[in-house]
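A.B. asks: No sequence on hand, only this structure:
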């Protein structure tokens, strides 16, 4: 369960909170990202391999390819406290590859390349899976194809070149870094590296893409958006994934360029395909924005049955605004049966993600639930003739503006048999409930007024011993 104490929430990284919420709402891939954060440590979260493994297993069993890859690594090489079982590792790598995910295809290909994870060494099988991944613009796979097809498997110079090129594949987060390491490979006699560098080094060595991207960030901070976008465009086209992310955000939200969400998502996808971790977050955010807009449009058109699943989908993707909207639906019974506990849950989750209105909404619903509990306590006490408890409970809820409690308080004053009945106070309560348009209040007031008149009792100008607040709508 999510923590609700503000001090705990402040200590917990926002990313981890988002993914926990998404997992609770049924987004199975979120379990992988929770595991990933616990595996490496992220924004103050200490690495916890055992916890990471638990989340990876949950996600893998649900069909998430990235989690299958991590489980495969754990078994193949005895990581995260798991006893090494190469064959089991290979089984998970194959399952991941067969989902069509490039990470799974690349990992299976590497195992064939080196004869690991219980698989026989096979360049042919490695090439088959690398090519499948390369079709999805996977940088590592494209580089490995070059290595396999052009680099002999023996010879000191070739081995040294392969080592440098491997660093380019495994340690690079963008093409700039890959080009750097392949440049080292070239100097050790790896001729194919030169062709790869020439094909991708579009900006020359004087102004590498990473520096241009940083210049764009500087222009952004100075609020020079057209200049920032132009620089990011240049760096992105040269293959820098950071710049692709920045450019995608500019298009998606219309910052410095006309808003074009399709173009923004396309740049996010290119960045993510290069293994840039933050792009995964942005893709989820972009999807949640689109789904939430569809939900709002459906709701506005009166198609509430179709809107609710969309709100839920956007919330599962991490949209705090969708969580807030779901809370409002359940609080007000808008297209769904009214469910205050569910509303409070959604508001609390939105508040944890810093949604600006969620805190007030959560407090409001908590108070309504407290009022509901007081009304139920009062009603059960009244049925058991525990009039003093019933009076206290109804008064507490009435003071918060609950018209049902006001009516029930009137019934308590009118019907109690402990010698403290008070028809005048009962009538005052009925009148207030009637002013709040509560059902049957006018009828009960009229009956009691007639009863008092028949007995020659005039209602004094008295009011309840408290002032009820206007009830929340």
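C.D. replies: Nice, thanks for sending it over. Nothing here was measured: the structure is a model prediction, and the numbers come from that model. Numbering: from 1, shown residues only.
A.B. asks: and whichever helix or strand residue 370 is part of, average pLDDT?
C.D. replies: Under the assignment given by DSSP states H and E, the secondary-structure element containing residue 370 is helix 358-383. Averaging pLDDT along helix 358-383 gives 91.
A.B. asks: quick one: the helix or strand that that helix is followed by to helix 358-383, angle?
C.D. replies: As assigned by DSSP H and E, the chain's next helix or strand after helix 358-383 is helix 387-399. Relative orientation of helix 387-399 and helix 358-383, computed by axes from the mean of the first three to the mean of the last three CA atoms, to 10 degrees: 150 degrees.
A.B. asks: quick one: contacts for the residue nearest to residue 77 when sequence neighbours are not counted?
C.D. replies: What sits nearest to residue 77 in space, not counting adjacent residues and going by CB to CB, 6 or more residues apart in numbering, is residue 84, at 6.4 Å. Heads up, the C-betas are built off the backbone N, CA and C, glycines and all. Shown in contact with residue 84 (CB atoms under 8 Å, 6 or more residues apart in numbering): 75, 76, 77, 78.
A.B. asks: And the pLDDT for residue 84?
C.D. replies: pLDDT recorded at residue 84 is 93.
A.B. asks: Strands of the stretch 201-350 of the chain, start to end?
C.D. replies: All residues of the stretch 201-350 of the chain lie outside strands when identified by DSSP state E, counting those that start in this stretch.
A.B. asks: returning to that earlier point: can you mark which positions in the helix holding residue 370 are buried?
C.D. replies: Using 16 or more other CB atoms under 10 Å as the test for burial, helix 358-383 gives 358-359, 361-362, 365, 367-368, 371-372, 374-375, 377-379, 381-382.
A.B. asks: what do you get for stretch 97-107?
C.D. replies: Applying a neighbour-count criterion of 16+ other CB under 10 Å, the buried positions in stretch 97-107 are 97, 101, 102, 103, 104, 105, 106, 107.
A.B. asks: what's near enough to touch residue 123?
C.D. replies: By CB under 8 Å, 6+ apart, the contact list for residue 123 reads 112, 113, 148.
A.B. asks: Tell me the most packed of the residues you listed, by neighbour count.
C.D. replies: When neighbours are counted by other CB atoms under 10 Å, residue 112 leads the contacts of residue 123 with 23 neighbours.
A.B. asks: elements contacting the helix or strand it falls within?
C.D. replies: Secondary-structure element containing residue 112, defined by DSSP H and E: helix 102-114. For helix 102-114, the packing partners by 3 or more CB pairs under 8 Å, 6 or more residues apart in numbering; DSSP states H and E come out as helix 65-77, helix 86-98, helix 123-134, helix 139-150.
A.B. asks: Counting neighbours, what do you get for the residue nearest to residue 385 when sequence neighbours are not counted?
C.D. replies: For residue 385, ignoring the flanking residues on the chain, the nearest one in space by CB to CB, 6+ apart is residue 417 at 6.9 Å. The number of residues packed near residue 417 is 8, by other CB under 10 Å.
A.B. asks: measure residue 417 to residue 372 for me?
C.D. replies: 27 Å (CB to CB, to the nearest Å).
A.B. asks: could you point out which element follows the helix or strand bottoming out on mean pLDDT in the chain?
C.D. replies: Ranking every helix and strand in the chain by mean pLDDT, DSSP states H and E puts helix 6-11 at the bottom, with a mean of 36. The helix or strand immediately downstream of helix 6-11 is helix 14-24, counting by DSSP H and E.
A.B. asks: Are there helices or strands packed against that next one, and which ones?
C.D. replies: helix 29-40, helix 340-352.
A.B. asks: what about 10 Å?
C.D. replies: The elements that helix 14-24 packs onto, with contact taken as 3 or more CB pairs under 10 Å, 6 or more residues apart in numbering; DSSP states H and E, are helix 29-40, helix 49-61, helix 277-300, helix 304-316, helix 320-332, helix 340-352.
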